[in-house]
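A.B. asks: Mind looking at a prediction? Sequence and model below.
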Protein chains: 2
Amino acid sequence: MTTDTPRKQQIEDAASTLFRDRGYAGTSVRDIAQSLDMQGGSLYAHVASKEDMLWAIVIRAADRFNAEVGPIAQSDRTAARKLRKMIRAHVAVVTSAQKDAAVFLHEWRFLSTDRREQIAHRRDRYEGLFRDAIAQGVKSGEFGRMDAAQTAMVILSALNGIATWYQPDGKLTPAQIADQHADLFIRALTWGIPETEGAS
Amino acid sequence: MTTDTPRKQQIEDAASTLFRDRGYAGTSVRDIAQSLDMQGGSLYAHVASKEDMLWAIVIRAADRFNAEVGPIAQSDRTAARKLRKMIRAHVAVVTSAQKDAAVFLHEWRFLSTDRREQIAHRRDRYEGLFRDAIAQGVKSGEFGRMDAAQTAMVILSALNGIATWYQPDGKLTPAQIADQHADLFIRALTWGIPETEGAS
DNA sequence: TGACCCGCCTAACAACTGTTAGTTAGAATT
DNA sequence: AATTCTAACTAACAGTTGTTAGGCGGGTCA
């Protein structure tokens, strides 16, 4: 058992690109092989099945989101500053691991039932980080009264939408995009509340 | 040329359901037929190709969005009221034509190149309705200074995300969802501006 | 030198893909 | 009663799907 041969990584990267562009069902194993100048069957020396490639990509992305956002969610900050940092971290993952993130967000439904349930559970837990941060702000009086669960969905939908339209060579840097989103949402949440927030 | 036999509609509806659940590439023509207790080849008495089914669904959804939101965008209102009504109308389409809307939003990339370009163009024009409404508010001083194009993307990403998680038998009505979104975004846009807005 | 292993190839499998052609049973029309 | 139309059927096509088995060349290590 070698710890992650680079060849396996290359295969998963190629798969990530194609899954993102053509979708999981729209991509054949031979397509993936061809993009690496290999023959279809040769992939099976490194990977057990097509679904395992998808699974590896999805897990990889889920881990990244948790690794970047989790620590911030558990840190000791005012709700507004915490949420701003979480938004920045989430956008950073969406833009830097763009292919994996897009596959994670759109292709997870092609996983087998149990794997699908696993990531549904992880995803719910992740959304909980945002729900809790918002609830914290409502409780402390930083934010106005609102449905934390619903608001978290709105924010995450908008942030995840970035994966659809973001282009690395566009005129906006990931940091700018993140700040714009953070500004917008924090304004919305602190509406009508006497200001206390300095910039994050 | 009969005007839209009901059978053709039934087929497109069944296709819409399956395309939404399994994706376009993940759905076979025989799957669609089976859901109508028919044989695969029988569909071709009513439909010329699989892609034509997708095209019909996509066009149907695009037309609905334009029909509901377009008139509001061209109406003579303050920017805040106009935007609120546009958000309501958009959410109404997303929730009432849920299957078509989800297919429209996620499966359009499986269309042929020219058709894909057609809807890319229509979509850009539609997004322009929101850009213009926001720009109007910025110009009139109702809204703070901001990038109208970017803001429109944020709003539409959030609204389109509804198609992913909305369940007709959930605890929130489409109208409630729409108002929550409208409240949130209009608060964000009018932040720091002395109030003038009465409820829509 | 011989044994072994890694990375890839070829060839094949059974199942499934979108689509077409030809047919048939019944209803409507003449 | 004969004709045409409707809506479906069956069977087949050529190609593609994920996956497997067996083989082969080249490097590593005894």
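C.D. replies: Done, it's in.
A.B. asks: From here on, just use CA atoms for contacts and neighbour counts.
C.D. replies: Noted.
A.B. asks: residues from chain A in reach of DNA strand C?
C.D. replies: A:5, A:7, A:37-42, A:45 (Cα under 7 Å from any atom of the strand).
A.B. asks: quick check, nearest of these to chain B?
C.D. replies: A:Gly40 (19.8 Å; Cα to the nearest Cα).
A.B. asks: roughly how far apart are that closest one and A:Val154?
C.D. replies: 41 Å (Cα to Cα, to the nearest Å).
A.B. asks: Between those two, tell me which one has more neighbours.
C.D. replies: Neighbours of A:Gly40 and A:Val154, each counted by other Cα atoms under 10 Å in any protein chain shown, are more numerous for A:Val154; the result is 23 against 14.
A.B. asks: what's the closest non-adjacent residue to that one?
C.D. replies: B:Ala158 (5.4 Å; Cα to Cα, 6 or more residues apart in numbering or on different chains).
A.B. asks: So what's the residue count around the one you found?
C.D. replies: 20.
A.B. asks: ok, now which ones touch it?
C.D. replies: Neighbour list for B:Ala158: A:154-158, A:161 [criterion: Cα atoms under 8 Å, 6 or more residues apart in numbering or on different chains].
A.B. asks: Which residues of chain A lie near chain B?
C.D. replies: Proximity of chain A to chain B (Cα under 8 Å from any Cα of the partner chain) is limited to residues A:22-23, A:25-26, A:109-110, A:154-159, A:161-162, A:181, A:184-189, A:191.
A.B. asks: Inside strands: which ones of the residues you listed?
C.D. replies: The strands, defined by DSSP state E, take in nothing from these.
A.B. asks: Counting only helices, which of these make the cut?
C.D. replies: Among the residues of chain A next to chain B, DSSP state H puts A:22, A:154-159, A:161-162, A:181, A:184-189 in helices.
A.B. asks: Give the ChimeraX command for selecting the buried subset of these.
C.D. replies: To isolate the buried members of those in ChimeraX, using 16 or more other Cα atoms under 10 Å in any protein chain shown:
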select /A:154,155,156,157,158,159,161,162,181,184,185,186,187,188,189
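A.B. asks: And the nearest residue to A:Ser75 once chain neighbours are set aside, how close does it get to B:Arg30?
C.D. replies: Closest residue to A:Ser75 apart from its sequence neighbours, by Cα to Cα, 6+ apart: A:Lys82 at 7.7 Å. Distance, A:Lys82 to B:Arg30, using Cα to Cα: 51 Å.
A.B. asks: what's the answer for A:Glu117, then?
C.D. replies: From A:Glu117 across to B:Arg30, the span is 28 Å (Cα to Cα).
A.B. asks: repeat for A:Thr164
C.D. replies: Distance from A:Thr164 to B:Arg30, by Cα to Cα: 31 Å.
A.B. asks: Which helix in chain A has the most residues?
C.D. replies: Chain A, longest helix under DSSP H: helix A:113-140.
A.B. asks: Run the chain-centre distance for that helix.
C.D. replies: 13 Å (Cα atoms, centre = their mean, to the nearest Å).
A.B. asks: tell me what that helix is packed against?
C.D. replies: Under the contact definition 3 or more Cα pairs under 8 Å, 6 or more residues apart in numbering or on different chains; DSSP states H and E, helix A:113-140 sits against helix A:50-74, helix A:79-96, helix A:148-165.
A.B. asks: does DNA strand D sit close to the longest one?
C.D. replies: What it means is helix A:50-74. Yes: interface with DNA strand D: helix A:50-74 contributes A:50-51 (Cα under 7 Å from any atom of the strand).
A.B. asks: Can you list the buried residues in that helix?
C.D. replies: Within helix A:50-74, the residues that qualify as buried by neighbour count (16+ other Cα under 10 Å) are A:50, A:53-55, A:57-59, A:61-62, A:64-66, A:68-70, A:72-73.
A.B. asks: so where is chain A shaky, pLDDT-wise?
C.D. replies: Counting by pLDDT under 70, chain A contains low-confidence residues at A:1-5, A:193-200.
A.B. asks: Name the residue of it that lies nearest to chain B.
C.D. replies: Among the residues of chain A, A:Ala188 lies closest to chain B, at 4.1 Å counting by Cα to the nearest Cα.
A.B. asks: Around DNA strand D, pick out the residues from chain A.
C.D. replies: So far as Cα under 7 Å from any atom of the strand goes, chain A lies against DNA strand D at A:25, A:27-31, A:40-42, A:44, A:48-51.
A.B. asks: Now the buried members of the residues you listed.
C.D. replies: By 16+ other Cα under 10 Å, these give A:27-29, A:31, A:50 as buried.
A.B. asks: farthest-separated two in those residues?
C.D. replies: A:Asp31 and A:Lys50 (11.5 Å; Cα to Cα).
A.B. asks: what residues do those two have in common as contacts?
C.D. replies: Between them, A:Asp31 and A:Lys50 share no contacting residue, judged by Cα under 8 Å, 6+ apart.
A.B. asks: if I read this right, A:Thr164 contacts A:Ala102, doesn't it?
C.D. replies: Yes: between A:Thr164 and A:Ala102 there is a contact under Cα atoms under 8 Å: 7.2 Å.
A.B. asks: Which of the two has more residues huddled nearby?
C.D. replies: Using other Cα under 10 Å as the criterion, A:Thr164 and A:Ala102 rank with A:Ala102 on top: 25 against 17.
A.B. asks: Roughly how far does that one sit from A:Ile155?
C.D. replies: Distance from A:Ala102 to A:Ile155, counting by Cα to Cα: 17 Å.
A.B. asks: cool, A:Val138 as well?
C.D. replies: 16 Å.
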